[in-house]
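Chemist: For reference, the sequence and a predicted model appear below.
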Amino acid sequence: IYNEAYLNLVINQIETIKYVTIIKLHNFNDFNKKYSWKQGNDVLVYIVDELKNHFPHSKIFRFEGDDFLILSDEYIKLDLNKLSLFKFDEDNIIEMQLDEFIINNKEEIYKLYEYIEK
C-alpha cells in the first residue's frame, strides 16, 4: 500500500470523481501496550491484506500510523464486520470507524482535510 507522502501527491492530482473510504482505528496504542507492537503489526498486515482483496483496483494508503484511506473509481461497499479483529483482539480494544464520501472534482479535495493534514 501507499504512504502518506504519496497520498498528498495523489490528492492534489484528482481531476475526476473518486470514491473515498476511510477506516480509522481507535485505541490502537492501548492495544499495542497490552498485546505488543508485534501483535499490532500483525493486525495492520491483516487489515491491509483484507483491503487489498476487497479493493483490488483501488489505491490504498496508510496514514497517521494506523488509519487507512482508499481512493476508488467506483463505489465499493465495505462491511466492517468482514474486517473482524476478534482473532487478534478478544477484548475488543480496537474500535474501527468507517467513513465514505465522494470527491466529484479537484475543488472538493477539501473534504479529505478533516481526516488528513494538509
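Modeler: Arrived safely, thanks for sending.

Chemist: From here on, just use CA atoms for contacts and neighbour counts.
Modeler: Noted.

Chemist: Helices of this protein, residue ranges please.
Modeler: Shown for the chain, the helices assigned by DSSP state H span residues 4-11, 28-35, 37-54.

Chemist: tell me the mean pLDDT over the first one?
Modeler: Predicted confidence along helix 4-11 averages 93 (mean pLDDT).

Chemist: The residue nearest to the spatial centre of the chain bridge partners, please.
Modeler: Note on the chain: the residue nearest the mean C-alpha position is residue 68, at 1.6 Å, using CA atoms, centre = their mean. Assessed by DSSP bridges, residue 68 has beta-bridge partners residue 23, residue 62.

Chemist: Would you confirm that it contacts residue 62?
Modeler: Yes: with contact defined as CA atoms under 8 Å, residue 68 and residue 62 form a contacting pair (4.5 Å).

Chemist: shaky segments in this structure?
Modeler: Regions of the chain meeting the criterion pLDDT under 70 cover residues 118.

Chemist: list the contacts for the residue located most distally from the centre of the chain?
Modeler: Within the chain, residue 34 marks the point farthest from the mean C-alpha position, 22.8 Å out by CA atoms, centre = their mean. If you count contacts by CA atoms under 8 Å, 6 or more residues apart in numbering, residue 34 has none.
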